[in-house]
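*Asks:* my questions concern the predicted model and sequence given below.
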Amino acid sequence: MISDTALLKLAKPGRYTGGEANSVKKDLVDGLVRFAFCFPDSYEIGMSHLGMQILYGFLNRREDTWCERAFMPMADMADALREEEARLFAIESGDELGKFDMLGFTLQYELSYTNVIAMLDLAGIPFYSRDRAGDYPLVCAGGPCAANPEPLAEFIDFFYIGDGEASLDEILNRYGVHKKSGGSKADFLGMILDIPGVYVPAFYDVEYHPPLLPSLGGTIASFMPKGGAPAKVERAFVPELDFFPETFVTPLIEAVHDRAVVEIARGCMRGCRFCQAGFVYRPMRERSKDSVLAHGEMILDSTGQDEISLLALSACDYSEFEALVEGLIELCEQKKVRVSLPSTRLDALHVIDKVKTLRKSSLTVAPEAGSQRMRDVLNKNLSEQEILEGCYKAFLSGFDKIKLYFMAGLPFEKDEDLLAIGSLSQKIVDEYYRLPYESRKRPVSVSVSTSCFVPKPFTPFQWAAQEKPDSWNAKQQELKSGIRGKRITYRYHDAYAAQIEGVLARGDRRLGKAIVNAYKLGATFDGWSEHFNYNRWVQAFGEAGIDADFYAHRVRPTDEVLPWDFIRMGVTKSFLMSEWTKAGQALTTPNCRQLCSDCMGGVG
């Protein structure tokens, strides 16, 4: 811990003091396994993350385990730690992270990787796994980005791939035995190689083709297990969503999403070809309506929150959605709280009126592409007629603000597909003015946002080339000049940050040096636009001999060995290949409820 004097000088001391309602304190008895859940972003963002709340409750339900929390400190706190020669600590006990048995990092987005390095540095723990013998904690990592763990392979002792509730108990059971009997870090890592979801990078050797070899230059030649490690790492998977915490830790300061959240489903039935979460969490699993309502009431009662939100990749696809909304309305009237929902599919016309009862004026939807051809390339399975009918019904129900999310720089995209974003947005505005005059109480507002497409592992687009930043920015300016409607506002994301995300998303373990270089050059909180500095990464790549074009801007042949090919995530590679082929032909695949496409090869 730092001194109270230094703490009081910080902008928001509440980020680091702990002591929140529902946080867990345990006695330090012999044999207790101490686990620090490390969130490599600010307290406000980490405390908004449902996965952290679920795993915090899941681990602390064990009598032999105490899970505490640590967050990436903001600049003022990082400076205070260095000035006082103090170490980064967990906020429940105030103990240095170096005193823990395990540090578990959650990898929510690629631009947080330098924050992982920063947290280790501030904790006085060596970056590289090979340098952490003796009494240093085991460092593990999981979360969505663990779908391709290789860029961080040199820093992490073991990765956990898949659903946290599936195998964490077994890992901790074996660690408890290991802790009592003694032994080295390598001994324990060897003990857990057979557990689903566990990947230990040190037990795999990677060789690369020579850089100048035609067509294969620089790609992976072989990825070989050793010491009894499996050739394929099976993801950890829970077929039923049984566990949900009875309480949430309630933040002392306002979080980014300051509300109670209940997960209603995991996975998605849609099969949008760009969406990593939609593939890695297949098959879709739902909580029952009654359990969702019961969990929602418990969280509201234990936290005192005045808003509840439902979490799912596609909430309107929840099989009991209408009955759930009716139950929520009753619950929220009783508790005097509000409800919010994630984005809504505009072909879900049967639920628009239900959604309206939960929202006052704004609706968020994601057509993703402006033209029908591109929506078919994406397998969005959403027609322009459905979009316009959905918007009209929403306007008729009282909505007058719609937020539209699109992507640009997509595979097989043509200029006319990009410009169709503007024309579709104007057609949506026109739908509002089809309403009777007396129904138009306020001017309509349509907010259009485009993000840079970033190809991700375990999607049909994992072989695609990413648009180069200069080209993408030129397209955005062209699109911006074509959006002239008075009722439309337009904004777009930074293409240079997206390029770095793309390099890290599909990179291999050779990127480790570049990540350390970027951190040493000052790269932290790069997911925040005000902190991101592209030139740092250009210099970091250059010093490490990394070519961004190789990782981000080339089409990969389908027979290339990909850095994540050793992971068996559920959906087969042959299915992803077939979807990649169909994307090039703008052919669609039905959703899972319409027709099973056997995407998992008869498994799951």
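*Replies:* The structure has been received and is ready for your questions. Numbering: from 1, shown residues only.

*Asks:* from now on I want contacts and neighbour counts done on CA atoms only, so please keep to that.
*Replies:* OK.

*Asks:* residues contacting the residue nearest to Ser42 when sequence neighbours are not counted?
*Replies:* Nearest residue to Ser42 in three dimensions, chain neighbours excluded: Met72, at 5.4 Å (CA to CA, 6 or more residues apart in numbering). Neighbouring residues of Met72 by CA atoms under 8 Å, 6 or more residues apart in numbering: Cys38, Phe39, Pro40, Asp41, Ser42, Tyr43, Asn115, Ala118, Met119.

*Asks:* the fifth one and Met1, how far apart?
*Replies:* Distance of Ser42 to Met1, computed by CA to CA, to the nearest Å: 17 Å.

*Asks:* also the first one?
*Replies:* Distance, Cys38 to Met1, using CA to CA: 16 Å.

*Asks:* these two: who's more crowded?
*Replies:* Neighbours were counted for Cys38 and for Met1 using other CA atoms under 10 Å; Cys38 has more, 27 against 19.

*Asks:* for the more buried one, give the beta-bridge partners.
*Replies:* Ala70, Phe105 (DSSP bridges).

*Asks:* state the pLDDT value of the residue nearest to Ser42.
*Replies:* Here the pLDDT value assigned to Met72 is 98.

*Asks:* same check, this time on the one 5 residues further on
*Replies:* We note a pLDDT of 97 for Met77 in this prediction.

*Asks:* check which helices and strands whichever strand or helix holds it is in contact with.
*Replies:* Following DSSP states H and E, one finds Met77 within helix 75-83. The contact analysis (3 or more CA pairs under 8 Å, 6 or more residues apart in numbering; DSSP states H and E) places helix 75-83 against helix 113-122.

*Asks:* flag every buried residue along the helix it packs on.
*Replies:* Tyr113, Thr114, Asn115, Val116, Ile117, Ala118, Met119, Leu120, Leu122 (16 or more other CA atoms under 10 Å).

*Asks:* gap between the nearest residue to Arg15 once chain neighbours are set aside and Asp508?
*Replies:* Using CA to CA, 6+ apart and skipping the chain neighbours, the partner closest in space to Arg15 is Tyr43 (5.6 Å). To Asp508, Tyr43 is 30 Å away according to CA to CA.

*Asks:* mind listing the helices for the stretch 101-250 of the chain?
*Replies:* 113-122, 164-181, 185-191 (DSSP state H, counting those that start in this stretch).

*Asks:* got these as TSV, with mean pLDDT and distance to Gly134 columns?
*Replies:* Formatted as TSV, these follow (pLDDT from 0 to 100; distance: least, CA to CA, whole Å):
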stretch	mean pLDDT	distance to Gly134
helix 113-122	98	16
helix 164-181	96	13
helix 185-191	96	8
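
*Asks:* of those, which is nearest Arg287?
*Replies:* helix 164-181 (14.6 Å; CA to CA).

*Asks:* out of the helices of the stretch 101-250 of the chain, deepest packed?
*Replies:* The highest average neighbour count among those, using mean count of other CA atoms under 10 Å, belongs to helix 113-122 at a mean of 23.

*Asks:* show me what it is packed up against.
*Replies:* Helix 113-122 packs on helix 75-83, helix 512-520, going by 3+ CA pairs under 8 Å, 6+ apart.

*Asks:* residue contacts, the residue most central in space within the chain?
*Replies:* The centroid of the chain falls nearest to Gln108 when counting by CA atoms, centre = their mean (4.0 Å). Going by CA under 8 Å, 6+ apart, Gln108 touches Gly143, Pro144, Cys145.

*Asks:* how close does it get to Gly51?
*Replies:* Taken as CA to CA, the span from Gln108 to Gly51 is 10 Å.

*Asks:* same check on Arg440?
*Replies:* On the measure of CA to CA, Arg440 and Gly51 end up 41 Å apart.

*Asks:* next: Tyr136.
*Replies:* From Tyr136 to Gly51 the distance is 26 Å (CA to CA).

*Asks:* higher neighbour count, these two?
*Replies:* For Tyr136 versus Gly51, the count of surrounding residues by other CA under 10 Å is larger for Tyr136: 20 against 15.

*Asks:* quick check: closest non-adjacent residue to the more buried one.
*Replies:* Excluding the flanking residues, the one nearest Tyr136 by CA to CA, 6+ apart is Gly98, at 6.1 Å.

*Asks:* report the buried residues of the strand or helix carrying Ala294.
*Replies:* In this structure, Ala294 sits in helix 289-303 according to DSSP H and E. With burial defined by 16+ other CA under 10 Å, the residues of helix 289-303 counted as buried are Lys289, Val292, Leu293, His295, Gly296, Glu297, Met298, Ile299, Leu300, Ser302, Thr303.

*Asks:* any idea of the mean pLDDT for the helix or strand that comes right after it?
*Replies:* Downstream of helix 289-303, the next assigned helix or strand under DSSP H and E is strand 307-311. For strand 307-311, mean pLDDT rounds to 88.

*Asks:* same deal with stretch 466-481?
*Replies:* Here the average pLDDT along stretch 466-481 is 90.

*Asks:* could you export that stretch as CSV, CA atoms only?
*Replies:* Extracted as CSV, the C-alpha positions of stretch 466-481 are listed here (Å, rounded to 0.1, in the frame of the first residue of the first chain):
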residue,chain,number,x,y,z
GLN,A,466,-7.5,-5.9,-42.8
GLU,A,467,-7.9,-2.5,-44.5
LYS,A,468,-4.8,-0.3,-44.2
PRO,A,469,-5.3,2.8,-42.0
ASP,A,470,-4.8,5.4,-44.8
SER,A,471,-7.2,3.6,-47.1
TRP,A,472,-9.8,3.2,-44.3
ASN,A,473,-9.6,6.9,-43.4
ALA,A,474,-10.1,7.9,-47.0
LYS,A,475,-13.2,5.7,-47.2
GLN,A,476,-14.5,7.4,-44.0
GLN,A,477,-14.0,10.8,-45.4
GLU,A,478,-15.9,9.7,-48.6
LEU,A,479,-18.7,8.3,-46.5
LYS,A,480,-18.8,11.4,-44.3
SER,A,481,-19.1,13.7,-47.3
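
*Asks:* mind checking how far that stretch is from the chain centre?
*Replies:* On the basis of CA atoms, centre = their mean, to the nearest Å, stretch 466-481 sits 25 Å off its chain's mean C-alpha point.

*Asks:* how near is the residue nearest to Tyr281 when sequence neighbours are not counted to Tyr437?
*Replies:* Of all residues not flanking Tyr281 in the chain, Gly267 sits nearest, at 4.5 Å (CA to CA, 6+ apart). To Tyr437, Gly267 is 42 Å away according to CA to CA.

*Asks:* which of these two has more residues huddled nearby?
*Replies:* Gly267 (19 against 9).

*Asks:* correct me, but the more buried one touches Arg287?
*Replies:* No. The pair Gly267 / Arg287 is not scored as a contact, 11.7 Å apart, by CA atoms under 8 Å.

*Asks:* circling back: closest to Met191 among the contacts of Met72?
*Replies:* Using CA to CA, those come closest to Met191 at Cys38, 23.6 Å.

*Asks:* distance check, the closest one against Ile91.
*Replies:* 11 Å.

*Asks:* what does Ala552 give?
*Replies:* Ala552 is 38 Å from Ile91, by CA to CA.

*Asks:* before we move on, what about Tyr160?
*Replies:* For Tyr160, the distance to Ile91 (CA to CA) stands at 24 Å.

*Asks:* quick one: which of those two has more around it?
*Replies:* Between Tyr160 and Ile91, counted using other CA under 10 Å, Tyr160 has the larger neighbour count: 27 against 21.

*Asks:* C-terminal to the worst-scoring helix or strand of the chain on mean pLDDT, what's the next element?
*Replies:* Lowest by mean pLDDT, DSSP states H and E among the helices and strands of the chain is helix 352-358, with a mean of 60. Going down the chain from helix 352-358, the next helix or strand is strand 362-368, by DSSP H and E.

*Asks:* mind giving me the packing neighbours of that following strand?
*Replies:* strand 401-408.

*Asks:* quick check: the residue nearest to Tyr136 touching Leu122?
*Replies:* No. In terms of CA under 8 Å, Gly98 does not count as a neighbour of Leu122; the distance is 10.2 Å.
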